[in-house]
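Q: Dropping the sequence and predicted coords here.
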Amino acid sequence: MNELFSETSPYLLQHANNPVHWKAWNPESLSKAAEAHKLIIISIGYSACHWCHVMEHETFEHEDAAQIMNAHFISIKVDREERPDVDAVYMKAVQIMTRQGGWPLNVVALPDGRPVWGGTYFRREEWINTLEQLQELHRSNPEKLTEYADKLSSALHAISAPVPPAVVEKPVPRFSYDAALLETLVTKWRRSFDHEFGGMARAPKFMMPNNYQFLLRYAFQSNDAELLEFVNLTLTKMAYGGIFDAVDGGFSRYSVDMKWHVPHFEKMLYDNGQLVSLYCDAYRLTENPLYREVVDKTLGFCLSALLSPEGGFYSALDADSLNESGKSEEGAYYVWTATELKNILGTDFEWFAAVFSINDFGHWEHGNYVLIQQLPLEEIASTHHIPLPELQQKKQLWEKLLSAERQKRKKPGLDDKCLTAWNAIMLNGFADAYKTFNNPLYLDTALQNAAFIRKNLWHDGGNLYRNYKNGKASINAYLEDYAFVIKAWLKLYEVTFDEKWLHEAKQLTDYCFDHFYDEKNGFFSFTSTLDAPLIAKHFETEDNVIPASNSVMAHNLYTLSIYFGNAYYESVTGNMLSKVTASIDYPSAFSNWLNLCLNYSGQNLELAITGAEASAHAAAINKAYLPHLLLAGAAAPSQLPFLEHRFEKGKTIFFVCREKTCELPTENVDEVKNRLKIN
């Protein structure tokens, strides 16, 4: 029978009424396959995935598909967000077999879990025919399947190494910065730029926040006006595009077209947390009011739609919702017809249409429009002879009217599990927003979320859990969870100067060395040594829509090595970075590593502020874009190695340092700001 009814994952529960005898991924399910000597179907997706829903309705809800699955296979459903380790391993296998991947991800494996066939979305007839052929082969010629599994497993183990074997050999005393390498990689990257709409010149378009955090920093530190202009073009066009919800705030996962217009409508917590941090960085550099609007609206969306009563953040809103006919439809909650808009806006419709492209440019399909702004408000106001302040007020009014109308519609499904890494990413976004705009609500929310993580997802034994749902934490956490919690804790120290965040970050880091670090290759595995091994070990080193857990850990180690004067952390960071940069081909897949490279460019500075006014001065400094600055401070004597012996009662003193060498201390804040090039 279908066993998913006892699970808490919204994605698994969506399949709990299928006639398929689904099981969850657990030792019991895997043991049953081995005992019965049955092939395993491993079907992986997530609750907000549109094509996962389609395959469920077209295939898994039908008796003919269920009949062959139940008779000859052990069928296991996996929520990729709960089990990214399982997803990563089988995604690699499918990419080896088909040279592509995506979700839903469907794999058939031998009873021992080694894959023999796989792909993504399948229509019912193709699915059934394939399963019949695989079952017949398993019955009549199992040696052939085993032979293929052996070859595929060898390939899987080969690509699962963190870096190519040729660059693993020697540890280095310190990472050596190579400006020419970065320039070569960025030059290669530029060839992919879309200079009309920003982003990469292809569709679909993913926002890839970490790409633009690196490019923004690289442009800033190399005084590259052309590159900075491209990053600002990208951020502006994303903010104008349908991928950003102008009505209620928040970004969808990606755009299906070149102009950021029609999104794949699901809204993911991890995207929005990272994009808040990115737009905060860009605002601190440019003071573009559009970027502040994006941050405030996005955080407003997260607070209203994704914040749990306990202070955690839910994972996602679905792409699909019920339309007026009661049928599930992608984007139904978000799109508008011209008739609807005319009825809501009345005589303002013409101006609204000019702002939000209710024309051929903004039309999606079947008379539906996804709101997209093509031009700045200043230009629209000038063309239509409208005073700019009036148009700005009108725009705010229209958005409120549409939001009220939208509330009458059936809302998209909510994935109400709280994932540790994603919560930490969102926490980091709120802390960055506080750092940028000094809004106490943003700091309060970040601290509330940190308290939620501490209370519900951090076990007394020192380990984190991955998931929280219905009052219960589950699944031993992955490196991703530790890496992002440590990063968030470092950010909380930066905006509060409360040293408990640093000590807890170090505690979690040392736990990672005990349970994740592979000393032989110098990287951290994705899964803990306390977890049952999968068919291949996974080392996450390539940055994607979420930066690789190893690149995040490397950043953390760099920062902690300075705060605590820890030479071992410093050496591990340098070795990881040396090995990765020796094998980089396509820079966008390593942007967080490249960002870390810039820490070694000779431009990085450290600033210690001691004295009663330390926090006030830090708040002013935090409003500037200083990606090359590490900040510390204390209002009282501190035993933190970076601050030790730097306090003098009755004085506020600034220490500007570079590469473990400090300039003469000063009490003159203007002198420090001049040194940091702050206006």
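A: Noted; the coordinates are in hand.
Q: Apart from its chain neighbours, what residue comes closest to His62?
A: In space, His62 comes closest to Arg124 once its chain neighbours are excluded; the distance is 6.1 Å by C-beta to C-beta, 6 or more residues apart in numbering. All C-beta atoms are positioned from the backbone trio N, CA, C, and that covers glycine.
Q: swap in Pro641?
A: The shortest distance from Pro641 to any residue that is not its chain neighbour, by C-beta to C-beta, 6+ apart, is 3.9 Å, and that residue is Gly565.
Q: Before we move on, what's the pLDDT of the residue nearest to His62?
A: In this model, Arg124 is scored at 95, pLDDT.
Q: From Ala404, how far off is the residue nearest to the spatial centre of the chain?
A: Note on the chain: the residue nearest the mean C-alpha position is Ile546, at 3.5 Å, using C-alpha atoms, centre = their mean. For Ile546, the distance to Ala404 equals 34 Å [C-beta to C-beta, to the nearest Å].
Q: Asp348 too?
A: Between Asp348 and Ala404 the distance, using C-beta to C-beta, works out to 15 Å.
Q: coming back round to it: pretty sure the residue nearest to His62 contacts Glu61?
A: No. Between Arg124 and Glu61 there is no contact, the gap being 9.7 Å when judged by C-beta atoms under 8 Å.
Q: And Gly462, its phi and psi?
A: For Gly462, the backbone dihedrals (degrees, to the nearest 10) come out as phi 110, psi -10.
Q: wait, what's in contact with the residue lying closest to it once chain neighbours are set aside?
A: For Gly462, the nearest residue in space outside its immediate sequence neighbours is Tyr511; the separation is 5.2 Å by C-beta to C-beta, 6+ apart. For Tyr511, the contacting residues are 462-463, 482, by C-beta atoms under 8 Å, 6 or more residues apart in numbering.
Q: what's the answer for Ala354, then?
A: Contacts of Ala354 were listed using C-beta under 8 Å, 6+ apart, and they are 380, 383-384.
Q: Show me which of the residues you listed is closest to Glu324.
A: Glu324 has its nearest neighbour among these in Ile380, at 31.2 Å by C-beta to C-beta.
Q: buried set for the helix or strand where that closest one lies?
A: Taking DSSP states H and E as the criterion, Ile380 maps to helix 377-383. Residues of helix 377-383 classed as buried under the neighbour-count rule (16 or more other C-beta atoms under 10 Å) are 377, 380-381.
Q: got it, and stretch 488-501?
A: Neighbour count says stretch 488-501 has 488-497, 499, 501 buried, by 16+ other C-beta under 10 Å.
Q: Hmm, Ile380 and Val355 touching each other?
A: Yes. Using C-beta under 8 Å, Val355 is in contact with Ile380, at 5.8 Å.
Q: which residues are common contacts for these two?
A: Applying C-beta under 8 Å, 6+ apart, one finds that Val355 and Ile380 are jointly contacted by Leu391.
Q: who's in contact with Asn438?
A: In this structure, Asn438 makes contact with 619, 623, judged by C-beta under 8 Å, 6+ apart.
Q: Tell me the spacing between it and Lys23.
A: Computed as C-beta to C-beta, the Asn438 to Lys23 distance reads 51 Å.
Q: How about Tyr625?
A: As it turns out, when the distance is counted by C-beta to C-beta, Tyr625 lies 51 Å from Lys23.
Q: So for these two, which sits in the more crowded spot?
A: More neighbours sit around Lys23 than around the other of Tyr625 and Lys23, counting by other C-beta atoms under 10 Å; the figures are 23 against 19.
Q: ok, the more buried one - contacts?
A: 3-4, 29, 32, 74-77.
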